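1. Sequence isn't available, so here's the structure alone:
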């Protein structure tokens, strides 16, 4: 029985500890890596602006064999909103994972004060639900921003670039039109950026699994009835004082069965 209980606890801890937490860390790593790669190619000037040096044809004919104006420095402006949304989602997922581990460990047995365990249950269910919704919303929002931004349609657009783009779009546009950049940094930054955005989908599913683990524990206590204040199938005591009878037996000697008092 002890081994089966241990395996059950491990199974319930798997979503927050071995799925949600790693996905949160990996998503954060992918986003930060993409940003670092791009930042290394766009040093800040004294006025705070960022410059990107591109090598390619910028005068007709627009072919890679044209050596006229073979490089160009352009000032780039970055839309950091999707990055902030992704980072916030990863940090919140990390917090939910830690809460999930602590809460499931606390709820692994039906014991203790019902109010205390009900509080943990509400915390886990609400936090994991918000994390799941936030992750899928962040993915949809970031994808929408990537598609809404006006992208380069040719080399002539690069010379007239004055727009504001996300870090992923900057890297992917450079990778498409200037594939021969030094060390192929644009391809790596573009790939990490896309991976960091799409990994939010399994992050959302991981949060849902944490909510499922919490609900399994809530169901053991009576489900929604217990969660909203009913006793349900909860077998614990609200406090140690419930162990004492409100009508203590009269003082006296008891027979061997311990049920009836014996008059002296």
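-> Everything's here; your move. Owing to the predicted nature of the structure, the values given are computational and were not obtained by experimental measurement.

2. Please count neighbours and contacts with C-alpha atoms only from this point.
-> Will do.

3. do you know how far residue 102 is from residue 49?
-> Using Cα to Cα, to the nearest Å, residue 102 is found at 45 Å from residue 49.

4. mind listing what's buried in the strand or helix carrying residue 101?
-> According to DSSP states H and E, residue 101 maps onto helix 81-107. By neighbour count on 16 or more other Cα atoms under 10 Å, the buried set for helix 81-107 is 82-83, 85-97, 99-101, 103-104, 106-107.

5. Can you tell me the closest non-neighbouring residue to residue 194?
-> Leaving aside its chain neighbours, residue 194 sits nearest to residue 168 (7.0 Å; criterion: Cα to Cα, 6 or more residues apart in numbering).

6. Which is the succeeding secondary structure element to the helix or strand hosting that neighbour?
-> Per DSSP H and E: residue 168 is located in helix 167-177. Per DSSP H and E, the first helix or strand lying C-terminal to helix 167-177 is helix 185-198.

7. quick one, the following helix or strand past that next one and helix 81-107 angle?
-> Downstream of helix 185-198, the next assigned helix or strand under DSSP H and E is helix 200-220. Relative orientation of helix 200-220 versus helix 81-107 (axes from the mean of the first three to the mean of the last three Cα atoms, to 10 degrees): 20 degrees.

8. contact partners of the helix holding residue 168?
-> 34-35, 38, 78-80, 146, 151-152, 154-155, 181, 184, 186-187, 189-190, 193-194 (Cα atoms under 8 Å, 6 or more residues apart in numbering).

9. Quick check: buried residues in that helix?
-> Buried, per 16+ other Cα under 10 Å, within helix 167-177: 167-175, 177.

10. Max pairwise distance over those residues: which two?
-> Pairwise distances across these peak at 15.8 Å for 167 and 177 (criterion: Cα to Cα).

11. Quick one: mean pLDDT for the helix holding residue 101?
-> Helix 81-107 carries an average pLDDT of 97.

12. Also stretch 225-232?
-> On average, stretch 225-232 scores 85.

13. my guess is residue 104 contacts residue 13, does it?
-> Yes. Using Cα atoms under 8 Å, residue 104 makes contact with residue 13 at a distance of 6.6 Å.

14. Pull up the overlap in contacts between those two.
-> Counting by Cα under 8 Å, 6+ apart, the shared contacts of residue 104 and residue 13 are residue 213.

15. just to revisit the earlier point, out of the buried residues of helix 167-177, who's nearest residue 128?
-> residue 168 (28.1 Å).

16. Against residue 38, how distant is the closest one?
-> Distance from residue 168 to residue 38, by Cα to Cα: 9 Å.

17. same deal with residue 139?
-> Taking Cα to Cα, one finds residue 139 at 21 Å from residue 38.

18. Likewise for residue 204?
-> With distances taken as Cα to Cα, residue 204 is found 27 Å from residue 38.

19. tell me the secondary structure for residue 153?
-> coil (DSSP: H, G, I helix; E, B strand; the rest coil).

20. which phi and psi does it have?
-> Note on residue 153: backbone dihedrals following degrees, to the nearest 10 are phi -110, psi 0.

21. Near it, how many other residues are there?
-> 10 (other Cα atoms under 10 Å).

22. With residue 40 instead?
-> 11.

23. Would you tell me what helix or strand it is located in?
-> helix 21-41.

24. just checking, next helix/strand downstream of that helix?
-> Assignment by DSSP H and E places the next element after helix 21-41 at strand 50-55.

25. Flag every buried residue along that next one.
-> For strand 50-55, by 16+ other Cα under 10 Å, it's 50-52, 54-55.

26. any common contacting residues for residue 168 and residue 38?
-> residue 189.

27. So, low pLDDT: which residues of this structure?
-> For the chain, the stretches with pLDDT under 70 are 1-3, 46-48, 56-70, 181-183, 232-264.
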